[in-house]
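Participant: when you get a sec, could you give me coordinates for this:
(one chain, ligands or ions: 1)
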Amino acid sequence: MGRTRRKRNIRKARDFCACDDKEEIIQLNSWLSENGMGCNDKLFLAVFDETGRGVLTKRKIRSGEELMNLPLNLTINVTTILMDKLFDKIFLENSKRCLVEYKQSVSFQSLMAFYLAFIKFQSGKTKWHIYLESLPKEYSVPYFLPNEVKQNIDSDILTVILKQKNIIDSSYSIFENILMNNVSKDSTIQDFKKSFTMAGYEWAYFTVNTRCVFMDLSKVIDLKNIENSLLTLISDNTNISLCPYLDMINHSPNARNETKLLVSKNIENVSISSLSEDLFSDVQFSIYTKNDFDPYTQVFICYGDSHNLKLITEYGFFLPANDLDYVSFTFEEVVLFLKTKAIKLSQDQISFINNHGLCKDLYIDCKGLSYNFYGLLLVVKYYYDQSTDVSRLIYSAAICSNDNNLNIIIAPMVRDKLESVKESLNKLSNVNKCVILNNCVELMCQYVRILEKFIKC
Ligand SMILES: C[S@@+](CC[C@H](N)C(=O)[O-])C[C@H]1O[C@@H](n2cnc3c(N)ncnc32)[C@H](O)[C@@H]1O
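Facilitator: Predicted structure coming up:
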C-alpha cells in the first residue's frame, strides 16, 4: 500500500480530534513537565467521538509499559492538605474547637472537596491553578438532574442520588459552620468565607468523585498518630488522591493496570508534624498498563466496578450492552410480595435466611437470579419439604439458578417491576433530553430487557 493511501486509511478510521493545541492543555503539559512528570512519549490528549476527552497513543503500547509517573508533590493527596498552613487556619483559628466538635464527622472525600473549593477560590495564587483550569466545568451525574425529572427516575438511581445528597448536605453544613466561626484575620480566608457556595462545593465534590485514584500512603507517612491534625475530622481512610494527567485516562471494563509508589529508602513513616514539600519530590506515583494498545487508539484504565448504575451515578457515563447490569430487589420488598401471595415466612426460615446472608444482594441479571436470590427462594419453597435438604441444595456445586419452579414464585413481582419501569420511561419520554437523562433512560431500558428476558424464560 502506498504512503498516501495508508495515511488516508488511518485518517478515515480516526474517531478522535487532537486537543493538545488548546490553551489550557498547552499550559497543563508544560506545567507538568516543568514539575517532573514523566510521561510515556507516545501519549497525547485527544477528544474521542465516543468517550470525550481522553488519552491517545500514537505508537503501539505493550503490556507492562509505564504510562506515566508523577512526583508525589504534583498530586493532591492527604499530605497536600496537611501541609497547607493557610487551610489549617480555617479550623484552628476558630471560636469552636473544630477538631473536637467535628471529630470523625466527615469523609476524607468531603475534606478533599472542601480543600479543592479553597484552592479553586484562590485562583492563580496556588500552584494548582493550571491543573484546576484543565478540569471539566460540570459533571453529567444524575445528582444534577432537576427535581421534577428525578421523580420518574428509577428507584436504584434515586437511592444513590439521595445518599450523595445526604453526604454533601451534611458535610457542607459542617464546613459552613466552621467558616462562620473562623476568627482568622487572613484576608484570603475572610474572602473565602464570603464566596463558599453549595454550587462550588458540589463541583468540587464531583471532581473528587469522578477523578480520584487509589493511593495508599500509609507506609510513607504515619497516619496513626493524628492528634491535633485535620485528620481527626475524618471518619474513614485517606487513600484517595487527585493525579493531574493520569486523571485524563478514560475507563474500560477490559483494561487492567497497576499503580506503584516508588519510595527512596529513607522516607518511611514520616510523622505528620515533619511533612515537607521537598521530602516528596523523590517519591513517584507510577501507573503501568497490562494491556496492549494499537497506534492511534485510546488508552484506557479500569476504575473498578463497571455496572452502569455505578458508572452513571458516580462517573456520569454509560456503557452500552453491559452484561454486568442487574435489577435489584430488597428483602422487605420480596417479603411483602410473598405476603400478598399468602406465603408467610416462619421465624425459623427468617433465621436461616439471615444466618446464610440470603437477605442481601437479591437481584436479577441477564443470566437470571443472583445466587442469594436463588437461595432465598429455595428456602421459601423447600424449607419444610422433608425430602429436600435446603442447606445442601444451596451449597451444592450443581446449583442451578434457572429453576423455573422458583422463577414462577416471583414472576408477578418481576412483572410489576417491569410495568413500573416502563411507566416511568413513558413519563420521561415527554421530558427534554440531556446527556444525564439519556444515561438514566438507557439504564432503565436495560432493566426492561433484563426483566423481560427473565419473564420469558
Ligand atoms: C478520570 S476522568 C477521565 C477524563 C475525562 N474524560 C476528562 O475529560 O477530563 C473520568 C470521567 O471521564 C468520563 N469517562 C471516563 N470513561 C469513559 C467512557 N468509557 N465513556 C464515556 N465517558 C467516560 C466520565 O465523564 C468520567 O466522569
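Participant: which bits of this structure sit near the ligand?
Facilitator: Residues of the chain lying near the ligand by CB under 6 Å from any ligand atom: 51-54, 136, 210-211, 247-248, 250-251, 315-317. In this view, the C-beta of every residue, glycine as well, is placed from N, C-alpha and C.
Participant: same thing but 5 Å
Facilitator: Within the chain, the positions near the ligand by CB under 5 Å from any ligand atom are 51-53, 210-211, 247-248, 250-251, 315-317.
Participant: could you redo those residues as a markdown table and give each row secondary structure?
Facilitator: Supplementary listing: the residues of the chain next to the ligand in a markdown table, determined by DSSP: H, G, I helix; E, B strand; the rest coil:
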| residue | secondary structure |
| --- | --- |
| 51 | coil |
| 52 | strand |
| 53 | strand |
| 210 | helix |
| 211 | helix |
| 247 | helix |
| 248 | helix |
| 250 | strand |
| 251 | strand |
| 315 | helix |
| 316 | coil |
| 317 | coil |
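Participant: looking at the residue nearest to residue 228 when sequence neighbours are not counted now. What's its pLDDT?
Facilitator: Distance criterion CB to CB, 6 or more residues apart in numbering; nearest residue to residue 228, sequence neighbours excluded, is residue 99 at 6.7 Å. For residue 99, the model assigns a pLDDT of 97.
Participant: just the buried members of the residues of the chain next to the ligand?
Facilitator: Buried subset of the residues of the chain next to the ligand (neighbour count, 16 or more other CB atoms under 10 Å): 53, 210-211, 247-248, 250-251, 315-317.
Participant: spatially, which two of those are the most separated?
Facilitator: The largest separation in those, counting by CB to CB, is between 248 and 316 at 15.4 Å.
Participant: any low-confidence regions in the stretch 251-400 of the chain?
Facilitator: Applying pLDDT under 70 to the stretch 251-400 of the chain picks out residues 396-400.
Participant: any chance you could map the helices in it?
Facilitator: Secondary structure of the stretch 251-400 of the chain by DSSP state H, counting those that start in this stretch: the helices cover 308-310, 331-340, 347-355, 371-382, 390-395.
Participant: which residues sit against the shortest one?
Facilitator: In other words, helix 308-310. Helix 308-310 is contacted from outside by 156-157, 160, 304, 318-319, 322, 324-325, 439, 442-443, 446, using CB atoms under 8 Å, 6 or more residues apart in numbering.
Participant: just the third one next, same as before
Facilitator: Outside helix 347-355, the residues that touch it by CB under 8 Å, 6+ apart are 331, 345, 358-359, 376, 379-380, 383, 390.
Participant: angle of that helix against helix 331-340?
Facilitator: Orientation of helix 347-355 against helix 331-340 (axes from the mean of the first three to the mean of the last three CA atoms, to 10 degrees) gives an angle of 160 degrees.
Participant: ok so, going back, now the buried ones among the residues of the chain next to the ligand as TSV including distance to residue 237?
Facilitator: Formatted as TSV, these follow (distance: CB to CB, whole Å):
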residue	distance to residue 237
53	30
210	19
211	18
247	20
248	25
250	26
251	22
315	21
316	25
317	26
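Participant: nearest to residue 29, of the residues of the chain next to the ligand?
Facilitator: Set against residue 29, the nearest of the residues of the chain next to the ligand by CB to CB is residue 248 (10.8 Å).
Participant: just give the closest residue to that closest one, not the sequence neighbours.
Facilitator: In this structure, residue 248 finds its nearest non-sequential neighbour in residue 55, 5.4 Å apart by CB to CB, 6+ apart.
Participant: go ahead and confirm the one you found touches residue 250.
Facilitator: Yes: counting by CB atoms under 8 Å, residue 55 touches residue 250, with 7.5 Å between them.
Participant: which residues are in contact with each of these two?
Facilitator: Counting by CB under 8 Å, 6+ apart, the residues touching both residue 55 and residue 250 are residue 298.
Participant: find the closest residue to the ligand in the stretch 351-457 of the chain.
Facilitator: Closest approach between the stretch 351-457 of the chain and the ligand, counting by CB to the nearest ligand atom: residue 435, at 9.3 Å.
Participant: got the contact list for residue 359?
Facilitator: Residue 359 makes contact with 331, 353, 372, 376 under the criterion CB under 8 Å, 6+ apart.
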